[in-house]
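Student: Sequence and computational prediction follow.
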Amino acid sequence: MSKAKSESNKPRLLLVDDDTELRPLTESLLETDYDVTVAVDGAQALGLVIQDITQVTREKFAIVFTDWRMPNMTGA
């Protein structure tokens, strides 16, 4: 099983939020402790997670931090 650490030695975190004002703020708060990847909706996040789990050479996301209500696919 892979550890959830990136090349920067920080745990990888997937931030999913459609709010264009809140997302950068949240990202800046989290990036001090995490290697943050951003998705703007649930569909994009799902694609990133699928891509993440199929790559054997890359560290996996340790955390998915998601908005609850978004277009295309919710965080539920």
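Tutor: In hand now; what should we look at? Residues are numbered from 1 along each chain as shown.
Student: Next, please give the residue ranges for the helices of the protein.
Tutor: Assigned helices in the chain, in chain order: 22-30, 42-54 (criterion: DSSP state H).
Student: Minimum distance to residue 66: which of these has it?
Tutor: helix 42-54 (6.8 Å; CB to CB). Backbone N, C-alpha and C define where each C-beta goes, glycine included.
Student: Would you indicate which residues of the closest one are buried?
Tutor: Neighbour counts over helix 42-54 (16 or more other CB atoms under 10 Å) mark 42, 44, 45, 48, 49, 52 as buried.
Student: circling back to that earlier point, pick out the shakiest of the helices of the chain, pLDDT-wise.
Tutor: Note on the helices of the chain: helix 42-54 shows the lowest mean pLDDT, a mean of 91.
Student: which other helices and strands contact that one?
Tutor: Judged by 3 or more CB pairs under 8 Å, 6 or more residues apart in numbering; DSSP states H and E, the packing partners of helix 42-54 are strand 12-16, strand 35-39, strand 61-66.
Student: Extract the residue ranges of the chain that are flagged as low pLDDT.
Tutor: The chain contains residues with pLDDT under 70 at 1-7, 57, 71, 73-76.
Student: beta partners for the residue most central in space within it?
Tutor: In the chain, the centroid-proximal residue (CA atoms, centre = their mean) is residue 14; its distance is 0.8 Å. Assessed by DSSP bridges, residue 14 has beta-bridge partners residue 37, residue 64.
Student: and it, what does it touch?
Tutor: Going by CB atoms under 8 Å, 6 or more residues apart in numbering, residue 14 touches 36-39, 45, 48-49, 52, 61, 63-66.
Student: circling back to that earlier point, the helices of the chain: which one's closest to residue 8?
Tutor: Checking the helices of the chain against residue 8 by CB to CB gives helix 22-30 as the closest, at 13.1 Å.
Student: who does the closest one touch, helix- and strand-wise?
Tutor: Under the contact criterion of 3+ CB pairs under 8 Å, 6+ apart, helix 22-30 touches strand 12-16, strand 35-39.
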